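A.B. asks: Prediction below, plus the sequence it came from.
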Amino acid sequence: KICPPFDSFEFIPYVGASGGSIITWKSNLFSGSKVFENDYCVSVEFVSNHNNEPWILTNIYAPCTAPGKWAFLQWFKNINMSDTVNWLIVGDFNLYRNPDDRNKPGGDHLEMYLFNEAISALGLVELPLKGRRFTWSNKQLSPLLERLDWFFTSALWTVTYPNTFSSSVVNETSD
């Protein structure tokens with residue numbers, strides 16, 4: 001087992017000192033099969049062993065360089081996901097949606113615009129984050145804090161599971 005009590009997983013490997021993503025689950029609750037993978041994400045279709053309801057989870061780890069972000073946003077905006085799919089899309093996007101997602105002035109306004117444009121084009125709904133405002137710190141004496149991790153759903157998901165939200169945990173070793 002890789003992450004007890006989870007006994008099944010799919011992943012994309014890290015490249016250099018960053019990246020990599022894993023989805024783990026309990027096979028007694030869900031059957032899961034990878035439906036898509038590229039340098040930015042892994043997507044798993046789950047079927048509930050309780051009620052046979054299918055849904056897709058996409059776990060993102062986006063690049064942090066400007067050229068990488070632009071390539072990611074072009075791909076992201078053009079994902080073709082049916083409106084009839086219950087879809088969660090989560091992860092480290094290395095992007096923020098507005099200047100308030102940083103505790104200090106700065107940021108690339110064009111990247112913010114393109115990120116929001118992609119979210120809108122996909123018809124995604126942002127899940128509220130409970131517990132804290134920022135998800136990343138440079139861990140300096142006067143830290144830069146940013147919200148880089150995002151949690152979105154399809155519109156159908158919000159109707160099917162209206163009480164879904166995301167919450168954060170403190171993690172000292174990685175974001």
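C.D. replies: Yep, it's here.
A.B. asks: Could you pull out the strands in the chain for me?
C.D. replies: Assigned by DSSP state E, the chain shows strands spanning 8-15, 18-25, 30-37, 41-48, 54-61, 87-92, 125-126, 129-130, 136-137, 145-146, 149-153, 166-167.
A.B. asks: Give me the helices and strands touching the first one, please.
C.D. replies: In this structure, strand 8-15 makes packing contacts with strand 18-25, strand 30-37, strand 41-48, judged by 3 or more C-beta pairs under 8 Å, 6 or more residues apart in numbering; DSSP states H and E. The way it works is simple: take the backbone N, C-alpha and C, and place the C-beta from them, glycine included.
A.B. asks: Name the residues of the last one that come out as buried.
C.D. replies: Burial within strand 41-48, assessed by neighbour count using 16 or more other C-beta atoms under 10 Å, is assigned to 41-46.
A.B. asks: what do you get for the second one?
C.D. replies: When neighbours are counted by 16+ other C-beta under 10 Å, the buried residues of strand 30-37 are found to be 30, 32.
A.B. asks: average pLDDT for that strand?
C.D. replies: Mean per-residue pLDDT for strand 30-37: 93.
A.B. asks: May I have the strands that pair with it, each with its orientation?
C.D. replies: strand 41-48 (antiparallel) (DSSP bridges).
A.B. asks: got it, and the first one?
C.D. replies: Here the strand partners of strand 18-25, with direction, are listed using DSSP bridges: strand 8-15 (antiparallel).
A.B. asks: what does the strand it pairs with contact?
C.D. replies: 2-3, 19-27, 32, 34, 37-39, 41-42, 44, 61 (C-beta atoms under 8 Å, 6 or more residues apart in numbering).
A.B. asks: Show me which of those are buried.
C.D. replies: The neighbour count (16+ other C-beta under 10 Å) marks 19, 21, 23-25, 32, 41-42, 44, 61 as buried among these.
A.B. asks: so which of those residues comes closest to residue 91?
C.D. replies: Distance to residue 91 across the buried ones among the contacts of strand 8-15 (C-beta to C-beta) is lowest for residue 61, with 5.8 Å.
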